[in-house]
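# Would you be able to build a 3D model of this:
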Amino acid sequence: MKIGFIGCGVYGLALTTMMLEKNHNIIMWSKFKEETDSLEPKYPDIRFTNNLKDISNMDLVVIAIPSNFVESTLDEFKDYYTGEDILIAAKGILNDTRFLSELVSETLNTDKYSVISGPTFAIDIVKDRPLGLSLGCNNSNSVNIIKNAIETDYFKLEVLDDVIGIEFCGAIKNVIAISTGMIEGLGYPESTRYKYLTYVVRDIYRVINLVGGKKDTTYSLAGLGDLLLTATSIKSRNYSLGLVIGSNGNVEEYLKNNTTEGYHNLVSIYNLIHKKNIKFDIIDILYDIIYNNKDIDIFIDYIKRQV
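Modelled structure (predicted):
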C-alpha cells in the first residue's frame, strides 16, 4: 500500500512502525523543511516532503497533526485530494464545535473518513508489544484498508460504529488529564484521583450521546482505556500541565515548550456543551481556572463535594 501522512510528529512516526513492518510505502509531509531535514537520516525507509501535492494518489492518507492546525492544512490539501481513504489520528474538536470528521467530510467532500483513538503513547508503539486502538469508520469499505495498513499480530483495532463518540472521547480525555494532574500537583493522593475519575467516567457516559456519540463507547479503548492512560501517567503532556497548574508552576513556560492538546480541547468542549445546553460542571470549572484566571479553590471545592 501507498500511505501518505499529513504530519511528521511522534505519534505519526510511531504508527509507521507497524506499516513499515508490513512493507507499505510511506511518505510523510511537514510544513517545515528543517523538520523533514532532521528526520530523513533517522528514517531512511520513509520518504519526506514539504509539498502537500506529494500526498496524492495514495491508498490511504493519515492526518497526524495537532487538531488546531487541521483546518488550515486541509484547506490547502483539498486541491490535491484524489479520493483516498482518510484516517484521522489527530485528537480534538474545532473551536466552532465541529468534529474533525465533519471538517474532513465538508472540506474534502468525502464519506471515506475514519478515526482511531485509544490507550497508546507514541513511545510505547514498538514492534511486538500488545496494543490496541478503537477504529470508527463512516464507510464500511474502509475497515479492511485500515486494518491492512496497521494491524499486526500484536497491534489490534477494535471496530466501533461510532465515529463521533470516539472523537469526543479522544478530546475529553486530554482535558480530564489536566485535571488529574492538578490533583497530584495539589498534593492529594492517588485515592483522591481515582475517586474523581470514577465520577468523571459517569459524567462522560451521561454526556456522550448528547453530543452525538454512543454511551457504550465510554467503555471502549478510546474511552475508558485512553482516559485511564492519559489521566494517570506522567508521560502525558496534558497530565504534566495539570501538575504545573496544581503546584502553582509557570504555566506559560510549560505551554511554550510543549504541545498540549487538552489546553485547546478545553475551549472546544466548553463551546460544544454550552451550544447544546449540556450540564458538565468540571468543564466549566477548568475553563474558569485556565482561561478566566479563577482561583484553583473552585476545583478543590468540586472534588470535595463529588458524590
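
# Phi and psi next, for residue 248.
phi 60, psi 40 (degrees, to the nearest 10).

# ugh, wrong one, residue 3
phi -120, psi 120.

# Would you agree it is in contact with residue 26?
Yes - between residue 3 and residue 26 a contact is recorded at 5.5 Å, counting by CB atoms under 8 Å. Where C-beta positions appear, they are placed from N, C-alpha and C, glycine not excepted.

# Pull up the overlap in contacts between those two.
Counting by CB atoms under 8 Å, 6 or more residues apart in numbering, the common neighbours of residue 3 and residue 26 are residue 19.

# So which bits of stretch 166-186 are buried?
166-186 (16 or more other CB atoms under 10 Å).

# Please state the offset of it from the chain centre?
Put simply, stretch 166-186 sits 12 Å off its chain's centre (CA atoms, centre = their mean, to the nearest Å).

# And the pLDDT at the most centrally placed residue in the chain?
In the chain, the centroid-proximal residue (CA atoms, centre = their mean) is residue 91; its distance is 2.4 Å. The score at residue 91 is 89. That number is its pLDDT.

# Could you look up the SS state of it?
coil (DSSP: H, G, I helix; E, B strand; the rest coil).

# contacting residues around it?
With CB under 8 Å, 6+ apart, residue 91 has these contacts: 67, 117, 167, 170-171, 174, 261, 265.

# hey, where'd the strands end up in this structure?
2-6, 25-29, 46-49, 60-63, 85-88, 113-117, 131-137, 155-160 (DSSP state E).

# Format these as CSV; extra columns: mean pLDDT and mean neighbour count.
Converted to CSV, the strands of the chain look like this (pLDDT from 0 to 100; neighbours: other CB atoms under 10 Å):
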stretch, mean pLDDT, mean neighbour count
strand 2-6, 98, 24
strand 25-29, 98, 21
strand 46-49, 98, 18
strand 60-63, 98, 27
strand 85-88, 98, 26
strand 113-117, 97, 27
strand 131-137, 96, 23
strand 155-160, 96, 18
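
# Redo these as CSV? Include distance to residue 278.
Formatted as CSV, these follow (distance: least, CB to CB, whole Å):
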stretch, distance to residue 278
strand 2-6, 31
strand 25-29, 37
strand 46-49, 42
strand 60-63, 27
strand 85-88, 23
strand 113-117, 21
strand 131-137, 21
strand 155-160, 22
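
# Compare those strands and give me the one nearest residue 234.
strand 131-137 (19.3 Å; CB to CB).

# now the angle from that closest one to strand 113-117?
150 degrees (axes from the mean of the first three to the mean of the last three CA atoms, to 10 degrees).

# Excluding chain neighbours, what is closest to residue 221?
residue 118 (3.8 Å; CB to CB, 6 or more residues apart in numbering).

# That neighbour and residue 134 touch, don't they?
Yes - using CB under 8 Å, residue 118 is in contact with residue 134, at 5.1 Å.

# who touches both of the two?
Shared contacts of residue 118 and residue 134, counting by CB under 8 Å, 6+ apart, come down to 158, 220-222, 225.

# which one of these has the most neighbours?
For those, the largest neighbour count, defined by other CB atoms under 10 Å, is 32 neighbours, found at residue 222.

# contacting residues around it?
Neighbours of residue 222 in contact, by CB under 8 Å, 6+ apart: 117-118, 133-134, 136, 160, 165-166, 169-170.

# residues contacting the nearest residue to it once chain neighbours are set aside?
In space, and not counting its chain neighbours, residue 222 is closest to residue 134: 3.6 Å by CB to CB, 6+ apart. Neighbouring residues of residue 134 by CB under 8 Å, 6+ apart: 116-118, 157-160, 166, 217, 220-223, 225.
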